[in-house]
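Trainee: okay, predicted coordinates and the sequence, questions at the end:
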Amino acid sequence: MTDRPTLDILQLTVTLRGGRKLLRDVSLKVQPGEVRALVGESGAGKSMIGKAVLGILPPNIKPTEGEILLDTHHLNAMTPVTRRRTVSKIASLIPQDPLTALNPVRKIGPQIVDPLIHIHGWSRDKARERARELLDRVQIRNTDRVLQSYPHELSGGMRQRVLIASAFAPSPRLIVADEPTTALDVTVQKQILRLIRELQQETGTAVLFVTHDMGVVAKISQRVSVLFAGRVMEDAATEDVFRNPQHPYTEALIAATPSYSDLNRSFSPVPPALIADLHAKIAAEEAAS
Amino acid sequence: MADTTLTAPRSRNRGLNLRFWLPLFWVVLLILAAVFAPWVAPRDPLAQDLFLERLPPFFMKGTEPGYWLGTDSLGRDVLSRMIYGARIALIVSFTAATLTCIFGSVLGLVAGYFGGWWDTVISRLVDIWMSFPPVLFAVLLVAVMGTGLWSVIAAIVLIDWTRFARVIRAETLVQARMDYVDSARIGGARRISTLVSEILPNVLPSIIALLTLEMGIAVIVEAILSFVNLSISSDDPTWGSMIAEGRGAIYFAWWVLLFPLIALFLTVLSFSQLGEGMKQRFDPVLQ
Amino acid sequence: MSVDVLTRPLFSVRGLCLSFPDQSRKPLFGAAPRIEVLKGLDLDIPEGRITGIVGESGSGKSTLGRVLVRLLTPDAGQVLLDGKDIAHLDEDALRPLRRDLQMIFQDPMSSLNPRHNVARIITTPMKRYGLGGSHADALAALERVGLGAAFAERYPHELSGGQRQRVGIARAIALKPRFILADEIVSGLDVSSQAQVLSLLKDLARDMGLTVAFISHDLSVIRHLCDDVIVLNLGEILESGSVEQVFDNPQSEVTKTLLDAIPLPELDPDWFD
C-alpha cells in the first residue's frame, strides 16, 4: 500500500506518574480501510494505545516520547484543547461496556445527535436524518422508538448497535474499538463484529480493534500487533500470524485460545517459563539503555 | 504450577496522615484534661470572686496571673470551667453516641438483611420518627424527664438513632446482594452468623464514620440543651452554659463566649475527621 | 472415549419451574406479573462426570445452577439428590447437605469477602463442618490450587483475577464436596489464566471424583472440559447428551448457531457469510 496511513504511531512511550513506562517504543500504522487488531493479555497496554490516540488517558498517565500522526496532525505537539477538537472530528470510539458508555438519564436520540451538532457543526435536521440512517443501517427496526428510549430499556446487543451507529455517524477516518464485544453473548458478538466489518468496508474507515481474543483477531483484522508488557512483540498481517507466527508469545497466545474444533490442544496456558524469559529480556534491555 | 507472583504488594506505610493524627491529638488532649481535671485545672471552676470579674485572657492588658483565659462575669476562671466542661461534653458524647450507634445500627442491619416484615416495620418507624422536629423533640423530652445527665443522653439517642438505622440499612442492602453472602450460605453459615461475620465487617467502616460524626453531634446537642438551660444542673460547668452566659457580655468580655465556642468547634471537627482518618487507616480495602 | 455405562445420576431434576416477579411491569396495586425463567425442565446430572450447561444470556442456565445448590427455591418440580427431593427443604434442613454441594462463582471479586483474608475465607466453612480449619489446612488447600503459602495472609483485592478464582476453588474443595457448580468461572479472565483455572478444575474433578456442573456460554471450553452437555434456550432444554454427540451432530438450530458464532483462532474468510 502506498497510501498515507490514517494513523501512524512512531515509537510511542507512555509513562505513569512516578516513571513506570506502560508503553514502550510502540510503533504501528493503520491504513485507510484496514482493521488493525491490538491483542494481548490484561496489563499488556493494548487499551492504553487507543486511549493515547484519542487523548483520553487518565490524568496520571502521559505520553512522554514518540509521535502520533492522525491523518496529517501531529497530536503530541498540540495543546490539549486543539488536540481534543481535532481528534473528536476525525476519530470516534466504540467502547467496551455499552451500559456505562451511555448516559442513563438521557434518551438515545440526543446522545447520538448532539455530538453531530456540537462537534461537527451539522444542522439539527441533518443530524437527525443521519442518526436515523445509521440506526437503520445497524439493523435496528423501529428507529423512532429507539431514539425515544432510555439506555436501560435496550438489551446489551441493542445498546452496542446504538454505539456503533453513533461512532460511524460523523464518517470518521479512524475508529478505536475497545473490546466492543467482551460483554456480549457469542451470537450477538458475531452480529456486532459483522456490522463493524460491513460499515468499515463501506466507508473505508480505518479501525484500531482492541481485543484479548485471538479468535476475534482471526476473523476481523487484516493486520495485528501482539503486545506484551507494553511492547509490540509482533506486527504482521493476520494471515501470516496464524499461518506462521514469528514470535513464541504469539504462538502461545493462539495455543491458549480454546477451540472446539481442535481437540489436540487443551488448556495450554502461555508457559510461565516463556513469560519469565520475556520479562528477563525486557529487564536486560532496560538495563542496557 | 505454583504461583508466587503477588500482584499488589502490601503497603501500609503511606506517610504521616494529618487528617488522622491532628484530630486524634486534640481528642486525646481533651480526654486527658477531662480525666485529670482536678489536677490540671488551675482554679476551682465554681469559685466566684466578684473582685476578679471579667478579667481578660493572658495576652491582653489588665490580667491577673494564673487566670490564663480570663474570668466570667462572676469572676470564675474560664480555662478551669472549660476543662471541667470537657468532662461533661465527653461523657455525653461517648455514651450517647455509642448507645445511638448500637441501637440504630442493629435496627439498620436487621432491616437491611432480613427484609420483609422486619424491614417494613423498622423503615416505617424511621419515617414517622423523622417527621418530628428534632430539637423541639429533645427539649420536650428533657422537660418531661427532668434535667440531668441521663435525660440528655436519652434525648440524643431518641433523636438520632434514625440516622444510623437509615444509612446502615441502605449499606446492608447493597452488601446483602454481593456474591460473598451467597457463598457463605453455600458454606453452611446461619443467617445470623452471615450477618455478623460477613456483612458487618463490610458495613463497619460506615458505622465508625457515623459514630465519630455522632460524637460531634452529641456535643452540639448537649451544648444546645445547656444553652437553653435544659441540660445538667446549672451549677456544673458545661460549654453550652458558658456560651449562654457569655452571650450577655459579648461586647465587653468576648472571651467568655469565644473560648468554649472554639473548644466546641475543634471537638466536633476532630470527631468527624477522625472517623474519615480511621477509615483510611484501618480499612484493608483502602490500603 | 464416550462412556456408555449408565452412571447413576447425582441429581435428577423433574418438571422444574421457576419464575421471577417482573418489577418493571408491576401495576400500582396488586402483584407484579411473573416471568417464567425455567419452564418445566427434566434432566440428570450423572455422578462423577462434568456436565456442561450452555445457553445464551436469558436462557436460564445460571438460574438452573442456583436451584441445584438451592440458593433459589423452585415454584414447582423436584430436585432429587441421591433420590431425595431437596427442592423445598428449608435452610436448616439444607445446611448439612450444603457441605456436599459447593459453588464457584462468576465474579471472584464479589464472591470473596473483601474484608477477610484468604486463610479465613478458606477455613471458615471448614470449621463449621468440623473438618479442621487450622492455618495448615488453609495452606494445604492453597497448595492444591497452586498458590503459595504467602497468599494465606492476602486480601482479595491484592490478587489477580485468576488467583482470586483459584481461592474460590480452594474454598470449595476444602470441604471435600461431592458436587461443584461452576458458574461462568472463567468469563472474566485472560486466556492464560482461563487455561490454568480450567485445567486445575479438570484435574481436581478427576482426582477427587467430583461431579461438576459447568455453566458457560463458550462451547469451545465446554468441548474440552465436559463429558456431557445440556443446551438451554429460553428456559427449555433443546438437547442434551455426551459432548461428542452434541458437537458432532447438533440437533437444534440454536446449538448450530451457537457453534457457528464462536470465533475460532484460525483463518476463515467465509466466517461472516
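Mentor: All right, it came through fine.

Trainee: okay, the closest residue to chain B within the stretch 1-150 of chain C: pLDDT?
Mentor: Nearest residue of the stretch 1-150 of chain C to chain B (CB to the nearest CB) works out as residue C:125 at 3.2 Å. Placement of C-beta: from N, CA and C, glycine included. Predicted confidence (pLDDT) for residue C:125: 96.

Trainee: can you list the residues of the stretch 101-250 of chain B near chain C?
Mentor: The stretch 101-250 of chain B comes close to chain C at residues B:178-180, B:182-191, B:197-198, B:201-202, B:204, as judged by CB under 8 Å from any CB of the partner chain.

Trainee: and if you look at the stretch 101-250 of chain A?
Mentor: Applying CB under 8 Å from any CB, one finds that the stretch 101-250 of chain A approaches chain C through A:156, A:185-190, A:193-194, A:197, A:212-219, A:238-239, A:242-243.

Trainee: can you say which of these are buried?
Mentor: A:156, A:185-190, A:193-194, A:197, A:212-219, A:238, A:242 (16 or more other CB atoms under 10 Å in any protein chain shown).

Trainee: in the stretch 151-273 of chain C, which residue sits nearest chain B?
Mentor: Counting by CB to the nearest CB, the stretch 151-273 of chain C gets nearest chain B through residue C:158, at 4.4 Å.

Trainee: er, chain A actually
Mentor: Distances between chain A and chain B by CB to the nearest CB are smallest at residue A:272, namely 6.9 Å.

Trainee: distance of that residue from residue A:42?
Mentor: Remark: distance between residue A:272 and residue A:42 (CB to CB, to the nearest Å) = 16 Å.

Trainee: mind listing the helices for chain C?
Mentor: C:61-68, C:91-98, C:108-111, C:118-128, C:135-144, C:161-173, C:191-208, C:219-225, C:243-248, C:253-261 (DSSP state H).

Trainee: cool, chain A as well?
Mentor: For chain A, the helices defined by DSSP H cover A:46-54, A:80-90, A:108-118, A:124-137, A:143-147, A:156-168, A:186-203, A:214-220, A:238-243, A:248-256, A:272-288.

Trainee: got any ranges where chain C has weak pLDDT?
Mentor: For chain C, applying pLDDT under 70 flags the ranges C:1-6.

Trainee: what residues does it have near chain A?
Mentor: C:56-57, C:161, C:190-196, C:198-199, C:202, C:217-225, C:247, C:257-268, C:271-272.

Trainee: and the buried ones among these, selectable in PyMOL?
Mentor: Buried subset of those, written as a PyMOL selection, criterion 16+ other CB under 10 Å:
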select buried, chain C and resi 56+57+161+190+191+192+193+194+195+196+198+199+202+217+218+219+220+221+222+223+224+225+247+258+259+261+262+263+264+265+266+271
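
Trainee: does residue A:222 touch residue A:34 like I think?
Mentor: Yes - between residue A:222 and residue A:34 there is a contact at 5.2 Å, judged by CB atoms under 8 Å.

Trainee: who has more neighbours, the two?
Mentor: Using other CB atoms under 10 Å in any protein chain shown as the criterion, residue A:222 and residue A:34 rank with residue A:34 on top: 21 against 15.

Trainee: list the contacts of the more buried one.
Mentor: A:206-207, A:222-223 (CB atoms under 8 Å, 6 or more residues apart in numbering or on different chains).

Trainee: OK, contacts around the nearest residue to residue A:128 once chain neighbours are set aside?
Mentor: Leaving aside its sequence neighbours, residue A:128 sits nearest to residue A:113 (CB to CB, 6 or more residues apart in numbering or on different chains; 5.8 Å). Residue A:113 sits next to A:124, A:127-128, A:131 when contact means CB under 8 Å, 6+ apart.

Trainee: distance-wise, check residue A:113 relative to residue A:104.
Mentor: Where residue A:104 is concerned, residue A:113 sits at a distance of 18 Å (CB to CB).

Trainee: next: residue C:75.
Mentor: 32 Å.

Trainee: between the two, which one's more packed in?
Mentor: Remark: of residue C:75 and residue A:104, residue C:75 carries more neighbours, 14 against 9, as counted by other CB under 10 Å.

Trainee: my read: that one touches residue C:18, true?
Mentor: Yes - counting by CB under 8 Å, residue C:18 is a contact partner of residue C:75 at 5.4 Å.

Trainee: now stretch A:186-196 - C-alpha only, CSV.
Mentor: Taking C-alpha atoms only, stretch A:186-196 is exported to CSV below (Å, rounded to 0.1, in the frame of the first residue of the first chain):
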residue,chain,number,x,y,z
VAL,A,186,-21.3,-15.2,21.2
THR,A,187,-24.2,-15.0,18.8
VAL,A,188,-24.6,-11.3,19.5
GLN,A,189,-20.8,-10.9,19.3
LYS,A,190,-20.9,-12.3,15.8
GLN,A,191,-23.6,-9.9,14.7
ILE,A,192,-21.8,-6.9,16.1
LEU,A,193,-18.5,-8.0,14.5
ARG,A,194,-20.2,-8.4,11.2
LEU,A,195,-21.7,-4.9,11.5
ILE,A,196,-18.4,-3.3,12.3
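
Trainee: for burial, what's the neighbour tally of residue A:116?
Mentor: A count of nearby residues for residue A:116, using other CB under 10 Å, gives 21.

Trainee: list the residues that contact it.
Mentor: A:122, A:126-127, A:130-131, A:169-170.
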